[in-house]
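K.L.:
sharing a model that was predicted from the sequence below.
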Amino acid sequence: MPQLRDAVYWRGRSTDLVMEARAFIAGAYVGASEGETFAVCSPIDGRELAQVALCRGTDVERAVAAARGAFERGGWADLVPRQRKAVLLRWAALMREHAEELALLETLDTGKPIADTTAVDIPSSIYCLEWFAELVDKVTGEVPACDPQFLGTVTREPVGVVAAIVPWNYPLLMATWKFAPALAAGNSLILKPSEKSPLSALRIAGLAREAGIPEGVFNVVPGDGETGRLLSLHPQIDCLAFTGSGAVGRQISRNAADSNLKRVWLELGGKSANIVMADCPDLRRAADAAAAAVFSNMGQVCSAGSRLLVQRPIAGAFIAELLEAARAYLPGDPLDPTSVTGSLIDEAQYQRVRQYIELGKREARLLLGGEDCAAVPGGHYLQPTIFATDATSRIAREEVFGPVLSVIEFDGLDDAIAVANASEYGLAAAFWSADLGAIRRASRRLRAGTVWVNCYDELLDMNFPFGGFKESGNGRDNSVHALDKYSELKSTIIRC
Ligand code: NAP
Ligand code: MG
């Protein structure tokens, strides 16, 4: 991936980029059956990028029939595992060949900086696909102890037809976290990207065909919430993996219950606590990490460290370091490789974050930011914003999903853990201290799916499961545990 491209290069490339705007069903790109489309605009400057197929009932039916047919025929599920691995690796290789194009598509579609999409979004997606491809032929079953007159085996089988509904903050990466393990496990899949960011998913579908993924095994149905709702109600879908908001997660769970009790896996929101104790070994590093934890990707990160808890004796010194560190996150033109942050995803998200900032100005003390930036006309650029507040304010409790940090002072370890855990969410937490005993106590007592100690956002590696406690969801993406979501365990008992 070339790192020395400048903004002129990326702007030039974006003018001749061909964007696929059709759905991908049964191995072919197709328009929506009713011919309906929706506009996809770039958050960078508001310019329209494409009119994308709006999939409705007939299209969803076609996609489900294609996925179901492919699964029943067994051309994918029954492949020798190493052949499935070879196809998935070929797909990853094609994505790597097209990495620059995919990074540009993702930046144009989401307004996130090209430095991130070239270094994080696209390489991490490819790595995820490779990781699960490599896992396919290493899966083993069990032969439990039993009566010697019998032989019993426990094996994994694909669930069948999986639907993946994903958000817009890391469009390709969140999609890959779902389709890579689901396809590796032998399922057929229907992907519903967010209407705000469907382009990378549509592009990689053609690469899937080129790699040899059989017809019907991988389908993409662009659309809106209604398209997702139809999937959640469909009786021929066996499993639905969702990343997004708690409100939609609840609706999906209800719809699953009202239809065929499809398995539902939810990766939802967060309000993760980043706790800095007075004996934090390196305040400068902790301040840099605290700023990155909440301002990267314009704060549109489910595991963002959006609550910073600082022990009172060092609060003044730490906040001074933090204000300094936060200045690195002033947004710039997303197509300029030196920009560290870019635009929020759209007007609605911008308005939502602005409302929280106005609320914060009333109920808390503004320490930094709170204003717009004019990085590129037509986009939605916000300054990194920091409030000092107490733990009960709305700004300190609710997920903002924007570049807004709440700083809360505390007295002792027990207070910090009580505040951290007094949240409906439990996605991630971090703890900074030099005291091994305190580290051990905190990491055990923090109710979160990931706990970072003396770091933040590190090792988001395929080897570690990622997901939430409490209302941050159920099930885990990444790691071998992700296969649990997409496979059934079967006990076979043979009388010998
Ligand atoms: P969202 O509004 O819940 O949307 C997520 C997906 O669901 C989108 O594809 C959306 O389609 C679709 N959808 C909307 N209404 C639906 C319905 N009634 N039935 C089925 N699907 C429906 O969330 P978002 O605003 O895109 O993303 C932000 C949220 O995601 C935040 O809460 C964030 O914390 C969470 N998130 C969590 C993780 C994690 O791993 N835990 C990662 C990233 C984001 P349209 O967009 O087309 O309406
Ligand atoms: Mg978009």
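P.N.:
That came in fine, so what should we check first? Ligands and ions are numbered 1, 2, ... in the order given.
K.L.:
show the end-to-end separation of stretch 275-293, please.
P.N.:
12 Å (C-alpha to C-alpha, to the nearest Å).
K.L.:
my bad, should have said stretch 481-496
P.N.:
The first and final residues of stretch 481-496 sit 33 Å from each other (C-alpha to C-alpha).
K.L.:
I'd like the average pLDDT over it.
P.N.:
Stretch 481-496 shows a mean pLDDT of 97.
K.L.:
buried stuff in it?
P.N.:
482-487 (16 or more other C-beta atoms under 10 Å). (Each C-beta comes from the backbone N, C-alpha and C, glycine too.)
K.L.:
now stretch 233-251
P.N.:
233-234, 237-244, 246, 248-249, 251.
K.L.:
now do stretch 134-153
P.N.:
Those buried within stretch 134-153 under the rule 16+ other C-beta under 10 Å are 135-136.
K.L.:
now swap in stretch 21-41 and tell me
P.N.:
Within stretch 21-41, the residues scored as buried using 16+ other C-beta under 10 Å are 21-27, 29, 32-33, 37-38, 40-41.
K.L.:
tabulate these (JSON lines), appending secondary structure.
P.N.:
Shown next, in JSON lines, are the buried residues of stretch 21-41 (DSSP: H, G, I helix; E, B strand; the rest coil):
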{"residue": "21", "secondary structure": "coil"}
{"residue": "22", "secondary structure": "coil"}
{"residue": "23", "secondary structure": "strand"}
{"residue": "24", "secondary structure": "strand"}
{"residue": "25", "secondary structure": "strand"}
{"residue": "26", "secondary structure": "coil"}
{"residue": "27", "secondary structure": "coil"}
{"residue": "29", "secondary structure": "strand"}
{"residue": "32", "secondary structure": "coil"}
{"residue": "33", "secondary structure": "coil"}
{"residue": "37", "secondary structure": "strand"}
{"residue": "38", "secondary structure": "strand"}
{"residue": "40", "secondary structure": "strand"}
{"residue": "41", "secondary structure": "strand"}
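K.L.:
let's have those residues in JSON lines, adding distance to ligand 1 and pLDDT.
P.N.:
Compiled in JSON lines, the buried residues of stretch 21-41 are given as follows (distance: C-beta to the nearest ligand atom, whole Å; pLDDT from 0 to 100):
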{"residue": "21", "distance to ligand 1": "15", "pLDDT": "98"}
{"residue": "22", "distance to ligand 1": "17", "pLDDT": "98"}
{"residue": "23", "distance to ligand 1": "14", "pLDDT": "99"}
{"residue": "24", "distance to ligand 1": "16", "pLDDT": "99"}
{"residue": "25", "distance to ligand 1": "17", "pLDDT": "98"}
{"residue": "26", "distance to ligand 1": "22", "pLDDT": "98"}
{"residue": "27", "distance to ligand 1": "23", "pLDDT": "98"}
{"residue": "29", "distance to ligand 1": "19", "pLDDT": "98"}
{"residue": "32", "distance to ligand 1": "14", "pLDDT": "98"}
{"residue": "33", "distance to ligand 1": "18", "pLDDT": "97"}
{"residue": "37", "distance to ligand 1": "14", "pLDDT": "98"}
{"residue": "38", "distance to ligand 1": "9", "pLDDT": "98"}
{"residue": "40", "distance to ligand 1": "11", "pLDDT": "98"}
{"residue": "41", "distance to ligand 1": "14", "pLDDT": "98"}
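K.L.:
assign residue 493 to helix, strand or coil.
P.N.:
On the three-state scheme (three-state DSSP), residue 493 is labelled strand.
K.L.:
ligand 1 contacts on the stretch 51-200 of the chain?
P.N.:
Listed as neighbours of ligand 1 in the stretch 51-200 of the chain under the rule C-beta under 6 Å from any ligand atom: 165-169, 174, 192, 194-196.
K.L.:
the buried residues of stretch 233-251: which two are farthest apart?
P.N.:
Largest separation among these by C-beta to C-beta: 238 and 246, giving 23.4 Å.
K.L.:
quick check: phi and psi at the residue lying closest to residue 332 once chain neighbours are set aside.
P.N.:
Closest residue in space to residue 332, ignoring its immediate chain neighbours: residue 339 at 3.3 Å, by C-beta to C-beta, 6 or more residues apart in numbering. When read as degrees, to the nearest 10, the backbone of residue 339 gives phi -70, psi 130.
K.L.:
how many residues are close by residue 339?
P.N.:
21 (other C-beta atoms under 10 Å).
K.L.:
what ranges in this structure fall below the confidence cut-off?
P.N.:
For the chain, the stretches with pLDDT under 70 are 1-4.
K.L.:
in it, what residue is nearest ligand 2?
P.N.:
Going by C-beta to the ion, ligand 2 is nearest to residue 109 of the chain, at 4.0 Å.
K.L.:
in this structure, which residue is most central in space?
P.N.:
residue 174 (3.8 Å; C-alpha atoms, centre = their mean).
K.L.:
correct me, but that residue touches residue 167?
P.N.:
Yes. Assessed by C-beta atoms under 8 Å, residue 174 is found in contact with residue 167 at 6.1 Å.
K.L.:
joint contacts of these two?
P.N.:
Contact criterion C-beta atoms under 8 Å, 6 or more residues apart in numbering; residues shared by residue 174 and residue 167: residue 243.
K.L.:
now the farthest one out in this protein, which residue is it?
P.N.:
Within the chain, counting by C-alpha atoms, centre = their mean, residue 149 lies farthest from the centre, at 48.5 Å.
K.L.:
now it: how far from residue 492?
P.N.:
15 Å (C-beta to C-beta, to the nearest Å).
K.L.:
just want the residue of the stretch 201-350 of the chain that's nearest ligand 1.
P.N.:
Residue nearest to ligand 1 within the stretch 201-350 of the chain: residue 228 (2.2 Å; C-beta to the nearest ligand atom).
K.L.:
okay, now stretch 46-59: how far is its last residue from its first?
P.N.:
With C-alpha to C-alpha, one end of stretch 46-59 sits 28 Å from the other.
K.L.:
now residue 72: which helix or strand?
P.N.:
In this structure, residue 72 is located in helix 57-73 according to DSSP states H and E.
K.L.:
mind listing what residue 241 touches?
P.N.:
162-165, 178, 182, 265, 475, 485-486.
K.L.:
can whichever strand or helix holds it be found next to ligand 1?
P.N.:
Per DSSP H and E: residue 241 is located in strand 239-243. Yes. Using C-beta under 6 Å from any ligand atom, strand 239-243 reaches ligand 1 at residue 243.
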